[in-house]
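> Quick one, fold the following:
(2 chains)
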Amino acid sequence: MSQSSVMPGFRPTIGFTLLYLGLVVLIPLSTLVFKSFELDWNDYVHIITNKRVISSFRVSFSTALVAALIASFFGFIVAWVLVRYSFVGKPFFHALIDFPFALPTAVAGIVLATIFQPSGFLGKLLINTLGVQVAFKPMGIVMALIFISIPFVVRTVEPVLLEFESSMEEAGSSLGATRWQVFTKIIFPNVFPALLTGFALAFARGVGEYGSVIFIAGNIPYISEIVPLLIVTKLEQFDIQGATAIALTMLVISFVMLLLINVLQYWVRKRSGQL
Amino acid sequence: MQKMILIDLFNKRLIHRSLYLLGLLTLTFTGTISAKEYSILNVSYDVSRELYKDINVAFSDYWLKKTGDKVNIQQSHDGSSKQAAAVIAGLEADVVTMNQETDIDKIATKGLISKDWLTRFPDNSAPYTSTTVFLVRKGNPKNIKDWDDLIKADNAVILSNPKTSGNARYSYLAAWGYALRKSGSEEKAREFITQLFKHVPVLNTGGRAATNTFIQNNTGDVLLTFENEAFLIAKDLGADKFDVIVPSTSIEAEHPVAIINPVAAKKGTQKVAEAYLEFLWTDAGQEIIAKHHYRPRNPEILARHADQFAHLELFSIKDIIPGGWPAAQRIHFADGGLFDQIYSR
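Residues are numbered from 1 along each chain as shown, chains lettered A, B, ... in the order given. So this is what the prediction gives:
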């Protein structure tokens, strides 16, 4: 007689998990692979090494990276404030954080373009004070990506900060550590893995983002053209194979980068004794 | 007691009503034996939404009077090439009404439209035309009058990406045609186009998105778009904000239509679909077309509405590119074509 597992219901749940992942994730993704198999290797390389395609990869990944870094920095501060302090209207700010999740990204794009355009409220201010034009430049893409990715950081860091035991902090300060030392030696290492997850989510979201970016980017080839736009352009020219080839490449690069971030996260956890 | 009577009355009324409804249903049922009800889908491009809303009402009335059959027309609008791709992918359109030949040709190569569609109806199967004009801010502060003014100094020109937008393809070809006919050399025309796109700060993916950038986001000094869209903006979105500028010469944009044979055959709607498209050439159809600032084919109706159309010299695509649309697509807009070369480094 087989012994029943400690965790009941493993078989049905793993079955459900596999079915769900297969239907919703694997089948659509495999279509991408099979569609691009219709190309031979030389055609594929020819599409991918096109200068314009490479430029768009550079634009997409660099803006997503910068946006994720900025979003991580400010997202951490926002999460910190929301967890550690109480102030009037806190529930309102909590709701505000999730707002970019609910807003259709195209609406966000149009709104951002309106305020950051050279004649817009913030756009004018930035040009007059710093001399930078945001809208219709790569900076505009970064701006849109920060907007849509900051909730990812806040919402992943927040629970870790909530659960964080203040006894460690107290022990640190009673042993004579300064506030700064407590933060850098105790708090930050503990929160860092969560922050990395938030960063990875923000980055992944930024790489694939389309709706909010196209309105503020300017979409000029070689300068502010993102990969998703190039894919849509190809599709609208009925070049489905070309589009899938680019999409597949982007998928592979993103997957590798996310994998690296996960490995890094594992390493950090291990080092800080969380595993 | 009184309550009881009320209920009784109510019930009586209910019974009467039910009987009445039953009678009505029987009538409709026997009615449907002779009269049929059709439903057709018109898949069209982005900015024709307002036009076909009017056309559909007029055609339903006309068809009901003529045959006693009811017809429901559904409309679907998006970027022209996107719509063509949807039809190829299986969107069950009875008819397509596009803004250029390329998109219908693409559907035809998949066997969904007969190869000779261009001669199926009069006027290259295009019941109306339009042309590319300029829209500027009220009072024309940058003093833009013709194509040469677009590339002056710091003027910012708004149009969408010709690779994805039919509207922008016409704008591009209008500029190309102007420069080519003026200088007589392709070299000069290429230079002009390159200069022009240096003045384009934003490339949108579709005509309406470009309109949005210009009027909503307040970006740019001049918008290049179809005459009907320009007049729609100038009239409906702010007579006090924009002026339509008519260049000396521009391209004639034919907006062709076609029947999707397999779908119509399957649904048994061939007759009504054909009548729907033919209706566009009738006086009633042409009047509605003129009302929406598209140029009707009927010369009398065109003359009657002359005041709402720009007066300028028009050239056709065949005048500037031997081989017409297929050649234009290959030379200018295909990957690695002239348009890509403008941006290549």
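
> CA atoms for contacts and neighbours, from now on please.
Fine.

> contacting residues for the residue of the stretch 101-250 of chain A found nearest chain B?
In the stretch 101-250 of chain A, the residue that lies nearest chain B is residue A:218 (4.1 Å; C-alpha to the nearest C-alpha). With contact taken as C-alpha atoms under 8 Å, 6 or more residues apart in numbering or on different chains, residue A:218 is in contact with A:135, A:136, A:137, A:224, A:225, B:201, B:202, B:203, B:204.

> Also residue B:274?
If a contact means C-alpha under 8 Å, 6+ apart, then residue B:274 has residue B:259 as its contacts.

> Look up phi and psi at it.
phi -70, psi -40 (degrees, to the nearest 10).

> Check residue A:86 too.
phi -120, psi 140.

> Can you get me a residue count around it?
If you count neighbours by other C-alpha atoms under 10 Å in any protein chain shown, residue A:86 ends up with 10.

> hmm, back to that, nearest to residue A:14, of the contacts of residue A:218?
Distance to residue A:14, by C-alpha to C-alpha, is smallest for residue A:225 among these, at 41.5 Å.

> any idea of the pLDDT on the residue nearest to the closest one when sequence neighbours are not counted?
Closest residue to residue A:225 apart from its sequence neighbours, by C-alpha to C-alpha, 6 or more residues apart in numbering or on different chains: residue A:219 at 4.5 Å. You'll see residue A:219 listed with a pLDDT of 89.

> Can you verify my assumption that residue A:219 contacts residue A:230?
No: using C-alpha atoms under 8 Å as the test, residue A:219 is too far from residue A:230 to be in contact (9.5 Å).

> ok, those two, which is more surrounded?
Per other C-alpha under 10 Å, whichever of residue A:219 and residue A:230 has more neighbours is residue A:219, with 27 against 21.

> Please tell me how far that one sits from residue B:161.
Computed as C-alpha to C-alpha, to the nearest Å, the residue A:219 to residue B:161 distance reads 9 Å.

> Kindly report the same for residue B:223.
To residue B:161, residue B:223 is 13 Å away according to C-alpha to C-alpha.

> ok, now residue B:177?
As judged by C-alpha to C-alpha, residue B:177 and residue B:161 stand 18 Å apart.

> Can you report how many residues neighbour residue 155?
Looking at chain A here, since you left the chain open. Residues lying near residue A:155 (other C-alpha under 10 Å) number 20.

> To clarify, I was referring to chain B.
Considering only other C-alpha under 10 Å, residue B:155 is surrounded by 19 other residues.

> What helix or strand is residue 189 located in?
Since no chain was named, I'll use chain A. Residue A:189 belongs to helix A:188-208 when assigned by DSSP states H and E.

> wrong one, I was asking about chain B
Residue B:189 belongs to helix B:186-198 when assigned by DSSP H and E.

> Contacts for the very next helix or strand once past that helix, please.
With elements assigned by DSSP H and E, the helix or strand that comes after helix B:186-198 is strand B:203-204. Identification of contacts with strand B:203-204 by C-alpha under 8 Å, 6+ apart yields A:214, A:215, A:218, A:219, A:220, B:158, B:159, B:160, B:161, B:210.

> change it to 10 Å
Applying C-alpha atoms under 10 Å, 6 or more residues apart in numbering or on different chains, the set of residues contacting strand B:203-204 from outside is A:136, A:214-221, A:224-225, B:157-162, B:164-165, B:168, B:197, B:209-213.

> Among these, which ones are in helices?
Applying DSSP state H to the contacts of strand B:203-204, the entries found in helices are A:214, A:215, A:216, A:217, B:168, B:197, B:209, B:210, B:211.

> Quick check: the nearest residue to residue B:330 once chain neighbours are set aside vs chain A, distance?
Leaving aside its sequence neighbours, residue B:330 sits nearest to residue B:337 (C-alpha to C-alpha, 6+ apart; 7.0 Å). Distance, residue B:337 to chain A, by C-alpha to the nearest C-alpha, to the nearest Å: 13 Å.

> Repeat that for residue B:208.
12 Å.

> on that earlier part again, what do residue B:223 and residue B:161 both touch?
With C-alpha under 10 Å, 6+ apart as the test, residue B:223 and residue B:161 both reach residue B:210.

> So what's the residue count around residue B:325?
Neighbours around residue B:325, by other C-alpha under 10 Å: 16.

> check which helix or strand covers it.
According to DSSP H and E, residue B:325 maps onto helix B:324-328.

> Same question for the helix or strand just after that helix: list its buried residues.
Remark: after helix B:324-328, the chain's next helix or strand is helix B:338-343, criterion DSSP H and E. Under the neighbour-count criterion of 16 or more other C-alpha atoms under 10 Å in any protein chain shown, helix B:338-343 has B:338, B:339, B:340, B:342 buried.

> Now do helix B:338-343, average pLDDT.
Helix B:338-343 carries an average pLDDT of 90.

> To what extent is the one residue in the stretch 101-250 of chain B that gets nearest to chain A buried, counted in neighbours?
At 4.1 Å from chain A, residue B:202 is the closest residue in the stretch 101-250 of chain B, using C-alpha to the nearest C-alpha. Using other C-alpha under 10 Å, the number of residues around residue B:202 comes to 29.

> Name the nearest residue to it, sequence neighbours excluded.
Nearest residue to residue B:202, sequence neighbours excluded (C-alpha to C-alpha, 6+ apart): residue A:218, at 4.1 Å.

> Residue ranges in chain B under the pLDDT threshold?
Chain B contains residues with pLDDT under 70 at B:1-34, B:345.

> need the residues of it near chain A, please.
Within chain B, the positions lying close to chain A (C-alpha under 10 Å from any C-alpha of the partner chain) are B:79-86, B:88, B:103, B:106, B:160-161, B:163-165, B:197, B:200-205, B:209-210, B:212-213, B:216-219, B:333-336, B:340, B:342-345.

> again, 7 Å this time
Counting by C-alpha under 7 Å from any C-alpha of the partner chain, the residues of chain B close to chain A are B:81, B:82, B:85, B:164, B:201, B:202, B:203, B:204, B:217, B:343.

> got a list of what the last one touches?
Shown here is residue B:343, whose contacts under the criterion C-alpha atoms under 7 Å, 6 or more residues apart in numbering or on different chains are residue A:221.

> I'd like the distance between it and residue A:93.
Going from residue B:343 to residue A:93 by C-alpha to C-alpha gives 44 Å.

> How about stretch B:258-268, which residues are buried there?
Buried positions in stretch B:258-268, judged by neighbour count with 16+ other C-alpha under 10 Å: B:258, B:259, B:260, B:261, B:262, B:263, B:264.

> Please flag which of those residues sit within strands.
B:258, B:259 (DSSP state E).

> Save the buried residues of stretch B:258-268 as a markdown table, and put in distance to residue A:84 too.
Shown next, in a markdown table, are the buried residues of stretch B:258-268 (distance: C-alpha to C-alpha, whole Å):
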| residue | distance to residue A:84 |
| --- | --- |
| B:258 | 66 |
| B:259 | 66 |
| B:260 | 64 |
| B:261 | 67 |
| B:262 | 66 |
| B:263 | 63 |
| B:264 | 66 |
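
> Of the buried residues of stretch B:258-268, which is the nearest to chain A?
Looking across those and measuring by C-alpha to the nearest C-alpha, the closest to chain A is residue B:260, at 18.6 Å.

> and that closest one, what is it in contact with?
Per C-alpha under 7 Å, 6+ apart, neighbours of residue B:260: B:93, B:94, B:95, B:112, B:113.

> Could you rerun that using 6 Å?
B:94, B:95, B:112, B:113 (C-alpha atoms under 6 Å, 6 or more residues apart in numbering or on different chains).
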